[in-house]
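# give me a model of this one.
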Amino acid sequence: MFKRAVEYYRVINRTGPSEDSVRFRVAVVVTVLISVFAALRSGSTGAPMGVVVMVGVTVGSWYSYRARKNSRVWVKGVLMVLMLVAFAVFWTEVGGHVYDLRYPMVRLFLWLQVLHSFDLPTHRDLDFSLVSATILIAFAGSLSISSDFLYIIIPFFIAGLASLYLGHRSTLARTSDVLVKGKGRSPRWSFVLASIALVPLTLALFMLLPRLPGFRSHYLPVSEMRDTTGGFEGLIRNPGYEELPDRFPSSPLPFNPNAYHGFNDFLDLRVRGVPADVTVMKVRSDYRAYWRSTAFDRFIGNGWENTEEEYEEVFSSGLPLSVSYPGEPSRYSTKAVVQTFFIEQELPNTIFAAYLPRDVFFPTQVLKVDSMMSVLTPIILDPGMIYTVISEVSDVTPEMLRGAKGIYPPGLMERFLQLPEMSPEVARLAEGVAGLESNSYDKVQALSAHLKAKYPYDLNCPRQADDENTVEFFLFREKRGYCEHFATTLAVMCRTLGIPARVAVGYDTGDFNALTGYYEVSSRDAHAWVEVYFQVFGWIPFEATPGWSDLSPEAGTGGNWEGFSIVPDIGRALSKVFPPAMWRGLSRAAESVSGAMSRAASAVAGHWPLAMGFTGLLLLLLGVFLKHRRLRSPRPDACLEPGPRQKVALVFDRVAEALAGAGITRRLSETPKEYGAQADSRLGTTLVGGFMALFNRARYGPEEPGHEELEELRRVAVEVEALLSTLQTDVRTREPA
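Alright, predicted model coming up:
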């Protein structure tokens, strides 16, 4: 067993002939450099190291070509030592990236590509470079959070296919007995057409595959640890509103289109303005949720205040930081949801996450949390920061909430039923809309549906008076407004019915990018919603604003057929090329196609047995049609005199039959040359290989074989048959009687 293993190892490590094809080598180098560029662009390493790697790969590939016929043992020794050094560095980096090993893995592969590029004498070594490049770009794809990665993967795809094509031609030129230039359409055009055809096929497959949570990676990326020795005040610092008063101001705050005024200790409902459309973060999550920042408990008529005075400090020398608060009530029916946040604009020092954040992988050793489970950080969230949160999200159904019963935690009702003096018409309207409902859940749903149906969403509504009650302004005077108006009104109407409620702020889910698998959150997604308390189940989010993501238990969190959302993305990409009028038409068409395909996918998912049966019937009919067509197709007349090439094939069939009779059968995948090599190795001769070489030239040569070539082929065939007959006779003679 050991000897066989050693022999197999020697066979697979046998040095092959040097690779002389310059075009093949250049294509491989281009493929590798594209993969290196993709890895560098993903942020796995800095620009200086990137320059060193790309120059090293280029120089090493040039050196390998020049030294391909010379085996320099000392070079291999140096490379081996440097590879050991690279692995040692990798193991030292692993300790600092225990929750996400991709970054040290990418750096390891970069150095291995550089070192391996100095030892590429054979075709097999170049193939290994292609495999390494594929692994490297796969890592880069997993680290990429932008659709721009498509502009890298397409050149990589083209260069990789060109490498495979040129490598195959180089192998044929080196090993084949005859290499004839094909007639008809150039193989280059076939290559181009096949590449073009693969694009729509890949997109179709991408859209048809469901996004199942179990098939997604669960890396826990986090940025490098930050130094926070300067202290931690425990106050929200909003970089867009640096000079804020300590308490609610008498006049409205100035509007900043690049920052949300609600990320603060108070929420001024008098602020007006349209936020800029700028991406502030990207989120990787299997679950659609509000990315919550903070919440407010005290309503003062024209705004909200957070009355928290004490924050609980969360400290840990290692990750994660487990978030909890003393006296926090128990919650039932929850599930763990992993989210990773990639910050692209400067944001306040709060953890954005689905409620309730439990395990936080953040680049500091300390956090602070209040009783409403708003988490503060000692540093501003700056562009490039990455952190991961595992949230304990409510997993409830409407039936569960309708039957919620139990004792409220001490002090909760007094705190979250507080209201200032206001018109009794607000309470009367709430009672008229939801008074007939028998439970808190249906009352909240009735109020939410009423606001969505009767009051339009409008960012350009006029400003209220400084001291005017926002709910009265919204319900009875202006009758339109924005998300803070809707959320405030729903929370206040719930409180008038004895249902504890509060307003939370953060960001809506954002737009899902099907190409990257990330939610892209814009500054326009800054949002306010309502959280209602249910005994046993805790705080549950409700949406009152029309046109926004409804993440209430009634709405659910969507399906798994997210791939169809790629259609609007393609439309938006194409719209940059065409005029604005055509842009609008393309966008509407893309949205219509995406909606229709999503509905079709949902219908298929709901009736999959019928869909499978229908698909099977179509395949059966297609098979019957093709067989009927083949049976009716004209067959070549057997009485016609075979041509020279057909005669060559008949001689080959005769020899193959003789070899099979001797127990040497041809495998389906074997070429004639490989078949001859197999026969010679078993017979201990070179005769069959010589016959196969003659056959290849006669059968596949540029010109039809002449009479002399046919006679030579028949003569060698007779010799092969005679050899086989002699061997079989010797075997029978040696057999005992």
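
# so the protein: which segments form each domain?
As assigned by automatic domain parsing, the chain contains the domains 18-180, 266-560, 644-734.

# so which helix or strand takes in Glu721?
Taking DSSP states H and E as the definition, Glu721 sits inside helix 707-734.

# next, Ser251: phi, psi?
Taking degrees, to the nearest 10, you get phi -120, psi 160 for the backbone angles of Ser251.

# my read is that it contacts Asp466, right?
Yes. Contact status for Ser251 versus Asp466: in contact at 6.0 Å, counting by C-beta atoms under 8 Å. Backbone N, C-alpha and C define where each C-beta goes, glycine included.

# neighbour count winner among these two?
Asp466 (11 against 8; other C-beta atoms under 10 Å).

# and the more buried one, that's in a helix?
No. Asp466: not assigned to a helix; according to DSSP: H, G, I helix; E, B strand; the rest coil it is coil.

# from Gln728, how far out is it?
110 Å (C-beta to C-beta, to the nearest Å).

# go through the helix holding Glu721 and flag the buried ones.
For helix 707-734, the neighbour count (16 or more other C-beta atoms under 10 Å) marks Glu709, Leu710, Leu713, Val716, Ala717, Val720, Glu721, Leu723, Leu724 as buried.

# could you list the low-pLDDT ranges of the stretch 201-350 of the chain?
Applying pLDDT under 70 to the stretch 201-350 of the chain flags the ranges 202-219, 229-231.

# how does it look with 50?
214-215 (pLDDT under 50).

# ok so, going back, next, format the buried residues of helix 707-734 as CSV and append pLDDT.
Formatted as CSV, those follow (pLDDT from 0 to 100):
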residue, pLDDT
Glu709, 88
Leu710, 87
Leu713, 87
Val716, 91
Ala717, 90
Val720, 89
Glu721, 89
Leu723, 88
Leu724, 86
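
# now those residues in CSV, with distance to Tyr519?
Shown next, in CSV, are the buried residues of helix 707-734 (distance: C-beta to C-beta, whole Å):
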residue, distance to Tyr519
Glu709, 69
Leu710, 71
Leu713, 68
Val716, 70
Ala717, 70
Val720, 69
Glu721, 72
Leu723, 72
Leu724, 70
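
# what sits against Trp291?
281, 283, 339, 341, 352-354, 506-510, 521 (C-beta atoms under 8 Å, 6 or more residues apart in numbering).

# at 10 Å instead, please
With contact set as C-beta atoms under 10 Å, 6 or more residues apart in numbering, Trp291 has these partners: 280-281, 283, 285, 339, 341, 351-355, 389, 506-510, 519, 521, 525, 527.

# let me see the ranges of the strands in the stretch 151-300 of the chain.
Along the stretch 151-300 of the chain, counting by DSSP state E, counting those that start in this stretch, strands occupy 266-268, 279-285, 291-296, 298-299.

# nearest to Asp458 among those would be which one?
Among these, strand 266-268 comes nearest to Asp458, with 18.4 Å by C-beta to C-beta.

# output the below-cut-off pLDDT ranges for the protein.
Ranges of the chain meeting pLDDT under 50: 9, 214-215, 556-560, 637-639, 731, 737.

# still on that earlier bit, max pairwise distance over the buried residues of helix 707-734: which two?
Glu709 and Leu724, at 22.8 Å, using C-beta to C-beta across the buried residues of helix 707-734.

# dihedrals phi and psi, the closest residue to Leu347 other than its chain neighbours?
Counting by C-beta to C-beta, 6 or more residues apart in numbering, Leu347 lies nearest to Leu381, which is 4.1 Å off, once chain neighbours are set aside. For Leu381, the backbone dihedrals (degrees, to the nearest 10) come out as phi -80, psi 110.

# what's the neighbour count on Leu381?
Residue neighbour count, defined by other C-beta under 10 Å, stands at 23 for Leu381.

# do Arg25 as well
Arg25, neighbours per other C-beta under 10 Å, totals 24.

# hmm, it is touching Ser163, no?
Yes. When contacts are counted by C-beta atoms under 10 Å, Arg25 is listed as touching Ser163 (9.2 Å).

# overlap in contacts of the two?
Leu126, Ser129.

# can you give me the strands for the stretch 401-550 of the chain?
Under DSSP E, counting those that start in this stretch, the stretch 401-550 of the chain gives strands at 501-507, 511-513, 518-522, 526-534, 538-542.

# closest one to His450 among those strands?
That would be strand 538-542 among these, by C-beta to C-beta, at 12.7 Å.

# report all helices and strands that that closest one contacts.
strand 386-394, helix 440-454, helix 483-496, strand 501-507, strand 526-534 (3 or more C-beta pairs under 10 Å, 6 or more residues apart in numbering; DSSP states H and E).

# paired strands for that strand, with orientation please.
Strand 538-542 pairs in its sheet with strand 526-534 (antiparallel), by DSSP bridges.

# contacts only, for Glu19.
Residues in contact with Glu19 (C-beta under 10 Å, 6+ apart) are 25, 28, 64-65, 68, 120-127, 167, 170-171, 174.

# so which of the domains of the chain gets nearest Asn258?
Of all the domains of the chain, domain 266-560 comes closest under C-beta to C-beta, at 5.3 Å.

# for Pro357, grab phi and psi.
Dihedral angles for Pro357 - degrees, to the nearest 10 - are phi -70, psi 130.

# ok, it touching Gln339?
Yes. Using C-beta under 10 Å, Pro357 is in contact with Gln339, at 9.0 Å.

# what sits in contact with each of those two?
Counting by C-beta under 10 Å, 6+ apart, the common neighbours of Pro357 and Gln339 are Val389, Ile390, Ser391, Val393.

# now for these: which two are most distant?
Farthest pair in the shared contacts of Pro357 and Gln339, by C-beta to C-beta: Val389 and Val393, 10.7 Å.

# between those two, which contacts overlap?
Val337, Gln339, Ala353, Ala354, Leu356, Pro357, Arg358.

# just the ones of these in strands?
Members of those lying in strands (criterion: DSSP state E): Val337, Gln339, Pro357, Arg358.

# now the buried members of these.
Counted by 16+ other C-beta under 10 Å, these give Val337, Gln339, Pro357, Arg358 as buried.

# and the gap between the spatially closest residue to Met225 that is not a sequence neighbour and Arg102?
Counting by C-beta to C-beta, 6+ apart, Met225 lies nearest to Pro363, which is 5.0 Å off, once chain neighbours are set aside. Separation of Pro363 from Arg102 (C-beta to C-beta) stands at 17 Å.

# over to Leu621?
Counting by C-beta to C-beta, the gap from Leu621 to Arg102 is 47 Å.

# what about the two, which has more around it?
Set Leu621 next to Arg102 and count neighbours by other C-beta under 10 Å: Arg102 wins out with 17 against 10.

# from Phe474, how far out is the more buried one?
From Arg102 to Phe474 the distance is 48 Å (C-beta to C-beta).

# can you check Ser394 too?
With distances taken as C-beta to C-beta, Ser394 is found 28 Å from Phe474.

# cool, Phe118 as well?
For Phe118 relative to Phe474 (C-beta to C-beta), the value is 71 Å.

# higher neighbour count, these two?
Between Phe118 and Phe474, Phe474 has the larger neighbour count (other C-beta under 10 Å), namely 24 against 21.
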